[in-house]
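1. What shape does this take:
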Amino acid sequence: MMGLKKCQECDNMVSNQAKKCPHCGAMQKKWYERSSITLCIAVFLILIGFGFVHIITGISSPLGLPFDIALKDSFGYSETFVNADKVTGMPWIAAKTRYPLACKVLQQNHYIESNDEFKERVQKERQEELKKALQQFDGQF
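-> Alright, predicted model coming up:
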């Protein structure tokens, strides 16, 4: 579809397909030719920004989004993208070994229980299992 735009030099209307302005002869650059440096700087800044945040997927954020963003303790690209489903879908010891930063950030943002909460829960489960076993043992004699 052909349209008109203003010439960058003389402000006369020029076809958006024209390579040169018919009025002043100035070359008409495409948007990506004019802003390539700006795009490079924007991409560079975005890449730098990823070094400061964790992007957590597989959860529902407090804002109702399908992801959450958490600040990192220090700059780096290790475990920038955290998949909560992957971390919670494996045994805890394996997850802590393979994804230590992911586990830490999920705990800090209360998507998974903390180490202390985990220990308390496991201890309570073991006590309940022991009570049931003792009750069954007492019931047999």
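2. got the contact list for the residue nearest the centre of the chain?
-> Nearest residue to the geometric centre of the chain (CA atoms, centre = their mean): Ile55, 2.0 Å. By CB atoms under 8 Å, 6 or more residues apart in numbering, the residues touching Ile55 are 67-69, 80-82. Any C-beta I mention is one placed from the backbone N, CA and C, and that applies to glycine too.
3. For it, give its distance to Ala84.
-> According to CB to CB, to the nearest Å, Ile55 and Ala84 sit 11 Å apart.
4. between the contacts of Ile55, which has the most around it?
-> Within those, most neighbours by other CB atoms under 10 Å means Val82, with 25 neighbours.
5. what's that one in contact with, if anything?
-> Val82 makes contact with 54-57, 99, 101-102, 105-106 under the criterion CB under 8 Å, 6+ apart.
6. Kindly state the beta-bridge partners for the residue nearest to the centre of the chain.
-> Ile69, Phe81 (DSSP bridges).
7. any idea of the pLDDT on it?
-> According to the prediction, Ile55 has pLDDT 96.
8. what residue ranges in this protein score low on pLDDT?
-> Within the chain, the set of residues satisfying pLDDT under 70 comprises 1-2, 31-34, 141.
9. Domain parsing of it, as residue ranges.
-> Domains of the chain are assigned by automatic domain parsing as 4-46, 51-117.
10. List just the nearest of the contacts of Val82 to Cys10.
-> The nearest member of these to Cys10, counting by CB to CB, is Ile55 at 46.7 Å.
11. burial count for Cys39?
-> Actually, residue 39 is Leu rather than Cys. Leu39 has 11 neighbouring residues, counting by other CB under 10 Å.
12. Likewise for Ala26?
-> Ala26: 14 neighbours (other CB under 10 Å).
13. With Ala84 as the reference, measure out to the closest residue to Arg98 other than its chain neighbours.
-> With CB to CB, 6 or more residues apart in numbering as the criterion, Arg98 has its nearest non-adjacent residue at 7.5 Å, and that residue is Met90. According to CB to CB, Met90 and Ala84 sit 12 Å apart.
14. neighbour-wise, which of these two wins?
-> Ala84 (20 against 14).
15. now the strands for the protein?
-> 4-6, 13-15, 53-57, 67-71, 81-83 (DSSP state E).
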